[in-house]
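[1] Just the structure for this:
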Amino acid sequence: MITKTEPLEIYAREINEPVTLELFIKGQIYGCVYEKRNKVAEAQYFAPHFGDKIDRQKRGISSGISYVARVEHVFPATTWKEFTDGVCEHRGRQWWNRHQIRKVMQDLHSEWNWNKKTKRSFLLLGEPRLVFNPPVRKENLRRDKSKVFFIPR
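    Have a look, this model is predicted:
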């Protein structure tokens, strides 16, 4: 039996800064400010929309939606310890200690505020897949009232 009239299949959000890009590409994680009414926990897939700033700064990344990744787990965190514990619980300490990941996590730790006032939702993602080439541009996306993007069918 279907209990929801419109399940959220793909959750798309803007990525326009280098730390969040590296977290997505190398760490397969996306973090956003926690919102009680946000449907992020219901999404089956995540699709980052790379902004113009990333397009200008990172070679090979074009503005728009190119990648889609399966959402494997969603958890909230307010402190750095809650974040590390959440990631290690689902990915393992060995994954956390890989050289490539440690650099991304160091950047994340120093760039973002980690205090009890800022609660975030974190999506642990599967391998990002290149599915749109050329990328789907923002003007070709449909939005709902909460500023969530939907890829047109």
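
[2] Report pLDDT for residue 4.
    Residue-level confidence at residue 4 comes out at 52, pLDDT.

[3] Then the one 3 residues further on?
    Reading off the confidence values, residue 7 has pLDDT 57.

[4] Check residue 92 too.
    92.

[5] Quick one: residues contacting it.
    Residues near residue 92 by CB atoms under 8 Å, 6 or more residues apart in numbering: none. Bear in mind the C-beta positions are built from the backbone N, C-alpha and C, glycine included.

[6] ok, longest strand in the protein?
    strand 67-77 (DSSP state E).

[7] ok, which stretches of this protein are strands?
    Counting by DSSP E, one finds strands in the chain at the ranges 10-15, 29-33, 45-50, 64-65, 67-77, 120-125, 129-130, 142-143, 149-150.

[8] before we move on, back to that, now do the longest strand of the chain against strand 45-50, angle only.
    100 degrees (axes from the mean of the first three to the mean of the last three CA atoms, to 10 degrees).

[9] Partner strands of strand 67-77, with direction?
    strand 45-50 (antiparallel), strand 120-125 (antiparallel), strand 129-130 (antiparallel) (DSSP bridges).

[10] what residues does the second one touch?
    Taking CB under 8 Å, 6+ apart as the criterion, the residues outside strand 120-125 that touch it are 11, 24, 28-35, 38, 40-41, 43, 46, 69-78, 83, 86-87, 90-91.

[11] and what of the last one?
    By CB under 8 Å, 6+ apart, the list of residues contacting strand 129-130 from outside reads 66, 67, 68, 69.

[12] Let me have these in JSON lines, extended by distance to residue 108 and neighbour count.
    Shown next, in JSON lines, are the contacts of strand 129-130 (distance: CB to CB, whole Å; neighbours: other CB atoms under 10 Å):
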{"residue": "66", "distance to residue 108": "22", "neighbour count": "20"}
{"residue": "67", "distance to residue 108": "19", "neighbour count": "21"}
{"residue": "68", "distance to residue 108": "22", "neighbour count": "19"}
{"residue": "69", "distance to residue 108": "18", "neighbour count": "21"}
